[in-house]
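# okay, here's the prediction I keep looking at, along with the sequence it came from:
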Number of protein chains: 4
Amino acid sequence: MKVGWIGLGNMGLPMAWNLLKAGHELVVYNRTRSRADSLQSDGAKVAATPAEAAAAPVLVTMVADDPALEDLIFGSGKVLEVLGRGATHISMSTISVALSKRLAEAHAKRGQVYVSAPVFGRPEAAVAAKLFVVAAGPQKAVSACQPLFDAMGQRTFVMGEDAPVANVIKLGGNFLIASTIESFGEAFALVRKYGVNPHQFLDFLTSSLFTAPVHKTYGKLIADDQYQPVGFKVPLGLKDVRLVLAAAEAASVPMPLASMVRDHFVTLMAQGKQDEDWATIARLAADNAGLKPIE
Amino acid sequence: MKVGWIGLGNMGLPMAWNLLKAGHELVVYNRTRSRADSLQSDGAKVAATPAEAAAAPVLVTMVADDPALEDLIFGSGKVLEVLGRGATHISMSTISVALSKRLAEAHAKRGQVYVSAPVFGRPEAAVAAKLFVVAAGPQKAVSACQPLFDAMGQRTFVMGEDAPVANVIKLGGNFLIASTIESFGEAFALVRKYGVNPHQFLDFLTSSLFTAPVHKTYGKLIADDQYQPVGFKVPLGLKDVRLVLAAAEAASVPMPLASMVRDHFVTLMAQGKQDEDWATIARLAADNAGLKPIE
Amino acid sequence: MKVGWIGLGNMGLPMAWNLLKAGHELVVYNRTRSRADSLQSDGAKVAATPAEAAAAPVLVTMVADDPALEDLIFGSGKVLEVLGRGATHISMSTISVALSKRLAEAHAKRGQVYVSAPVFGRPEAAVAAKLFVVAAGPQKAVSACQPLFDAMGQRTFVMGEDAPVANVIKLGGNFLIASTIESFGEAFALVRKYGVNPHQFLDFLTSSLFTAPVHKTYGKLIADDQYQPVGFKVPLGLKDVRLVLAAAEAASVPMPLASMVRDHFVTLMAQGKQDEDWATIARLAADNAGLKPIE
Amino acid sequence: MKVGWIGLGNMGLPMAWNLLKAGHELVVYNRTRSRADSLQSDGAKVAATPAEAAAAPVLVTMVADDPALEDLIFGSGKVLEVLGRGATHISMSTISVALSKRLAEAHAKRGQVYVSAPVFGRPEAAVAAKLFVVAAGPQKAVSACQPLFDAMGQRTFVMGEDAPVANVIKLGGNFLIASTIESFGEAFALVRKYGVNPHQFLDFLTSSLFTAPVHKTYGKLIADDQYQPVGFKVPLGLKDVRLVLAAAEAASVPMPLASMVRDHFVTLMAQGKQDEDWATIARLAADNAGLKPIE
């Protein structure tokens, strides 16, 4: 397929590269052009402007946040204007439900097709084409995009025709990851204060009721008390919980645990931990219990 | 082995029965005698008093709560007095860390051996001998008890010589289960408010990052919005979180998520939900979002 | 003084009327014109457009929220364009700190003067000219506006030259009111459950350590369990707490109590209590304790 | 009146001294005898045992906590045994509602009279006889004790015949003080982060809606960021909130704000702040916002 691609960050770059490997033709655009150039040897054409990438029949966007995507589609990027009638915009970024709704309406008005397809997985999973894709939008379009999803992920969950629903699910999932970190943080602080070896505790947990990837991945970081490598930074965690709470408030859903996690991310920001992994909310629980970092 | 057994509730009865099936000799005591009698046909001797059961070289207790065990050991049950020098008391109930410490000290003073071995699993798991046992106490005694644990559980996690540590781990684990229910409750309320089919959401979760038994078991109850059968009642959930918070306070560990879950259990008590499963804290999240029960 | 006035809601109308009574010349604009007409007999000129009101050397705005003020100043209202060089815009609405900053910068760029002067007090206090005014902005301008503040309020607190600071203080104050309601709600639920007469409890509180207007005003509503008349509705309470949390997040200040109050407002929204007074967060505390409303 | 007095701590000593000054005859007992001796020159007789003090027709107890009072009345102190038929025990300590109930029942059974009369006020207020007394118990007994209350306090609030109700009110009041500190802590952290002078903010608050003693006393400590002198230590604050939550749980009243405050006290304990004033929960809010202490 001919695909325009905008956004080549930690996630976007390996995802685009997997499309190239699978034989798709890509026209890529990135604000920092050098990252786009790095895909040239793999066969990608480099676009000088977002509009150039948006000339393809399918456009994928994978950018940092709401403002970046808004500027791209409605603002200086002019994508809404240049995207063809019948062309498809697949938005894979983690964005607000509100923006997803606005995109669905704006594209429909112009006879364009909008598919929302956010992904789960850290950069390593993106490299290994092991992402989980949650897709929603017009059924025909979602089916047509399936080969692209297959090239990037291990499984696609199709969630109906209402595109913003995919974003709600993405946010719900991220909330559950953050909640797992918070709860593990508190539990590990408790047992460590009683002299339990955290790795023994983790072994017990992951051999009994808590055997999921989310338990193993974050449990190891917390038991080691080493939040390296940084896969997803604190400000991104804060941004996502903010989007969760905004979606929840718009639908009148109180989420006290999301509020608590948000407060903890704000505390980390105040402590100057902008560049640490979001799993350090577990370290905050240890700090508050008077536990010194394990060297 | 010759084993005295005290406490034949929903958990204790199948556990004792599994010991009998494995060929151990049991002298059983229960306050409501009829439950003890039910084991007679399987070869158990029925004791008329706790002291009679405590005449065995190994005594297992599996009772409701701290006051019940205190009365048994230090009070009217007189177990501390009658238990033999060198005999072992295996406490398998979910009790406070403080009481476990007191037991460890009192038994040691009398030349008795104390092993703490709380279990994870609902009554069905007890019947199927699929419990997880977390054991701590003098190494020799724990090893000697291993055949008993093997007859009741699928795996034993030995956690060192300091008996109360097993209780800390039990409480930490229960806290993590309750936290999972709370977080799922909030997440499902969110996605349902946006029209997502809860079973589709659950399928996504349990096929991607949230594949653990704790996710599947409680996720199903929440997606169905049917908290049946009642495996573990609200007041027991409240009791356990209270024990978590007491242990945490004694060690100066703030656990805000445990506090929040506790508040929710108190709300359920005020709503008259004493006889419902503790997973109804997820229903509370749905109620607070204005979601009517799914029929 | 010659004053343009935009916004004649529950608060704005009596405030403008007090200016007229004090002898100032007003050109008033309101979206629903009939409310503006009602001031004509008191000597006000009625403007057909915001721009007409903005022709005065001093313009006061008292509108519902951020979007309303943004549209007025930067959007269809065109106030920024038509306000004269050297003219003063006094913003008295409760708005976000972020918007206040944007206004300060935009007005300064055009050689206009921006004063932020939000007020404390319910509609009755506005009628009685008993508001508290918190003013910040260029010292000369604030001094020049003092006669206007004197006509509307019982006291003006001048908070320096940085206008948005007044909005921070306004939000901080509203947070403290909401916190007082929350804490009283919980305390009254507790004592009522023990059979204490709530009016006896209130009498004790307001005769000992809790003698402030905030205690008396809200304590009475809560002791009566009658949240009438509706002075400030739930959605406005939610909006204000949202602004508090946004300002706090922007400055990296965790405010867990603000988060909790916000969750409670969201619950009230889900319960369909949009038209009740924000003090009903105290009723929510009573509900959660299983206390039926006092008839 | 002839009065036995047990407990001469920071509060008890000046309270007893005020009784002596008012002409009452005291037999005093204190574990650390030197504090009792200090009252001898003022006319007090010093008792060698609690039982000696309990020989009087009226006995006042003012001790540290539940265990101390339990030991005194039911344990080694033997007060229950020696107190005369028809004699009155006035308990002025801050104790649990549960213990107060137990005392009411035990005294009644022996034909003794029990009055619960906890007090509000810091040590300075005790010295100045400016305490607030909250009294409940048999009406005749409470009336008879009134001259004693008058000698120690500025006002007595009589709350009916059910003695434990006075303890509920005491705990509710302490909860409201702690909540005020928490909310001020968060609000001051917010405004300080925006460059507002905390004393200017306090002046605004205490001149407008927040004029109560609780606002002025704690507001000053927080604005100064100096929590001196230590009037009420962190562990006592934690103890009181624990009693609030226990009373609330027993009556099925969720108090999420009490839970939050409790978590913050536990954090202070983990930070080693056992010897600081409980108002340092406001400093914790500032710490979490990254604000360094004001020198």
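The structure has been received and is ready for your questions. All figures in this text were calculated on a predicted structure; none of them were measured in a lab.

# okay, CA-based contacts and neighbour counts for the rest of this
OK.

# contact partners for residue A:233?
Remark: with contacts taken as CA atoms under 8 Å, 6 or more residues apart in numbering or on different chains, residue A:233 is in contact with A:274, A:275, A:276, A:277, A:278.

# need the three-state assignment for residue A:60.
Using DSSP: H, G, I helix; E, B strand; the rest coil, the structure places residue A:60 in strand.

# repeat for residue A:175
Per three-state DSSP, the local secondary structure of residue A:175 is helix.

# what's near enough to touch it?
By CA under 8 Å, 6+ apart, the contact list for residue A:175 reads A:240, A:241, A:244, A:258, B:187.

# which phi and psi does the residue nearest the centre of chain A have?
Centre of chain A computed as the mean C-alpha position; nearest residue by CA atoms, centre = their mean is residue A:94, 4.9 Å away. Reported as degrees, to the nearest 10, the phi and psi values for residue A:94 are phi -90, psi 100.

# quick one on the thing from earlier: neighbour count for the contacts of residue A:233 - can I get that in TSV?
Shown next, in TSV, are those (neighbours: other CA atoms under 10 Å in any protein chain shown):
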residue	neighbour count
A:274	16
A:275	12
A:276	20
A:277	21
A:278	24
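
# wait, which of those residues is closest to chain D?
Closest approach between the contacts of residue A:233 and chain D, by CA to the nearest CA: residue A:274, at 13.2 Å.

# for the closest one, which non-adjacent residue is spatially closest?
Distances taken as CA to CA, 6 or more residues apart in numbering or on different chains put residue A:234 closest to residue A:274, at 5.6 Å, once the chain neighbours are dropped.

# again, but for residue A:201
Going by CA to CA, 6+ apart, residue A:201 has residue B:169 as its nearest residue, at 7.4 Å.

# also residue A:293?
Counting by CA to CA, 6+ apart, the nearest residue to residue A:293 once its immediate chain neighbours are dropped is residue A:225, at 6.7 Å.

# what's the answer for residue A:50, then?
Taking CA to CA, 6+ apart as the measure, residue A:50 lies nearest to residue A:77, with 5.6 Å between them; neighbours along the chain are not counted.

# and the one you found, how far from residue A:110?
With the distance defined as CA to CA, to the nearest Å, residue A:77 ends up 16 Å from residue A:110.

# neighbour count winner among the two?
Regarding residue A:77 and residue A:110, a neighbour count based on other CA atoms under 10 Å in any protein chain shown identifies residue A:77 as having more, with 19 against 14.

# please tell me I have it right and the more buried one contacts residue A:52.
No. Using CA atoms under 8 Å, residue A:77 makes no contact with residue A:52, being 9.9 Å away.

# ok, residue A:76 - how many residues close by?
The criterion is other CA under 10 Å. On that basis, residue A:76 has 11 neighbouring residues.

# for residue A:295, same thing?
Burial of residue A:295 is recorded as 6 neighbouring residues (other CA under 10 Å).

# so it, which of the three states?
Residue A:295 ends up coil, using three-state DSSP.

# what's near enough to touch it?
When contacts are counted by CA under 8 Å, 6+ apart, residue A:295 touches no other residue.

# just checking, residue A:15 touches residue A:152?
Yes. Taking contacts as CA under 8 Å, residue A:15 lies within contact range of residue A:152: 5.7 Å.

# overlap in contacts of those two?
With contacts taken as CA under 8 Å, 6+ apart, residue A:15 and residue A:152 have A:126, A:129 as neighbours in common.

# ok so, going back, so the residue nearest to residue A:201 is in which element?
Using DSSP states H and E, residue B:169 sits in helix B:164-193.

# ok, then the element right after that helix?
Next helix or strand after helix B:164-193 toward the C-terminus (DSSP H and E): helix B:198-207.

# point me to the residue of the stretch 101-250 of chain A nearest chain D.
The nearest approach of the stretch 101-250 of chain A to chain D comes at residue A:193, 10.5 Å away (CA to the nearest CA).

# nearest residue to that residue other than its sequence neighbours?
Looking at residue A:193 with CA to CA, 6+ apart, the closest residue is residue B:251, at 6.4 Å.

# please apply the same query to residue A:19.
residue A:151 (5.8 Å).

# where does the one you found land on pLDDT?
Reported pLDDT at residue A:151 in the predicted model: 98.

# do the same with residue A:228
In the prediction, the pLDDT value recorded for residue A:228 is 83.

# my guess is it contacts residue A:221. True?
Yes. The criterion here is CA under 8 Å, and residue A:228 meets it with residue A:221 at 7.5 Å.

# with neighbour numbers in mind, choose between those two.
residue A:221 (19 against 12).
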